[in-house]
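Peer 1: Okay, sequence plus prediction incoming.
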Amino acid sequence: DAGVTQSPTHLIKTRGQHVTLRCSPISGHKSVSWYQQVLGQGPQFIFQYYEKEERGRGNFPDRFSARQFPNYSSELNVNALLLGDSALYLCASSSLVGNTIYFGEGSWLTVV
Amino acid sequence: AQSVTQLDSQVPVFEEAPVELRCNYSSSVSVYLFWYVQYPNQGLQLLLKYLSGSTLVKGINGFEAEFNKSQTSFHLRKPSVHISDTAEYFCAVRTEAGGTSYGKLTFGQGTILTVHP
């Protein structure tokens, strides 16, 4: 079975631009969450979606938004990129049983 | 709100030696506890988890951890490490409460384990 898949794996953007990151959860998982991991730090929670509804939001500005589609895949959007948005963006999926959260390989975003 | 403190940012150790990576948490409600490993330029892989029951949990790659509620700790141990264990290790917590909020983990800052030959 495929794990959590994310795209793109690497991208470079210019300050002020917009970026969209994509995530496909493990088959059967209805919950998707997003994390930002800045170099040298632990992942920070950004969003969680379950059944296409936002269920949690971390301490991130409104420039960050996300959505979940009927097939449970998800997009993370970041507007007006800042240098400080450079990070590894991790997507994770989970089911209502098992209490295990599985992570993808991440999308490396560099803002120049 | 909960928080996680990993007491060592870096732990160097020689191959075949034992290792302990320390993790303390703070929460006003009951929590689930996790250890993840991150190899260079990769995502997070689950090592083990504590949900309930026995306080000693065993995970993959020979790792184990012990939940100590009175000390609010969840230290990770391995009796004999290998070169391939070199990676960054993250302790994380999730509250029991929250219904369908299964996606929110609070992570520590990470401990870089370096195994020397």
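Peer 2: Looks like it came in fine.
Peer 1: in stretch B:43-61, what's buried?
Peer 2: The neighbour-count check on stretch B:43-61 (16 or more other Cβ atoms under 10 Å in any protein chain shown) flags B:43-50, B:57, B:59 as buried. C-beta: built from backbone N, CA, C; applies to glycine.
Peer 1: again with stretch B:76-94
Peer 2: Buried residues in stretch B:76-94, counted by 16+ other Cβ under 10 Å: B:76, B:78, B:81, B:85-94.
Peer 1: same for chain A: which of these are within range?
Peer 2: Within the set of the buried residues of stretch B:76-94, contact with chain A (Cβ under 8 Å from any Cβ of the partner chain) is found for B:90, B:92, B:94.
Peer 1: So in terms of bridging, what pairs with residue A:47?
Peer 2: residue A:34, residue A:57 (DSSP bridges).
Peer 1: wait, isn't it in contact with residue A:33?
Peer 2: Yes. If you go by Cβ atoms under 8 Å, residue A:47 and residue A:33 touch, sitting 6.4 Å apart.
Peer 1: what bits of chain A have low per-residue confidence?
Peer 2: Where chain A drops to pLDDT under 70, the residues are A:1, A:97-98.
Peer 1: Name the residues of it found near chain B, please.
Peer 2: Counting by Cβ under 8 Å from any Cβ, the residues of chain A near chain B are A:4, A:31-33, A:35, A:40-45, A:48-51, A:55-56, A:58, A:90, A:92, A:94-96, A:99-106.
Peer 1: Have a look at the ones next to chain A among the buried residues of stretch B:76-94 and tell me the least confident one.
Peer 2: In terms of pLDDT, residue B:94 ranks lowest among those, with 87.
Peer 1: wait, what's in contact with that residue?
Peer 2: Residues in contact with residue B:94, defined by Cβ atoms under 8 Å, 6 or more residues apart in numbering or on different chains, are A:99, A:101, B:31-32, B:34, B:102, B:104-106.
Peer 1: would you list every one of the strands in chain A?
Peer 2: A:5-7, A:10-13, A:19-24, A:31-37, A:44-50, A:53-57, A:64-68, A:74-78, A:87-94, A:101-103, A:107-111 (DSSP state E).
Peer 1: How about the contacts made by the nearest residue to residue A:29 once chain neighbours are set aside?
Peer 2: Among residues not flanking residue A:29 along the chain, residue A:93 sits closest, at 3.9 Å (Cβ to Cβ, 6 or more residues apart in numbering or on different chains). Shown in contact with residue A:93 (Cβ under 8 Å, 6+ apart): A:4, A:23, A:25-26, A:29, A:31-33, A:72, A:101-102.
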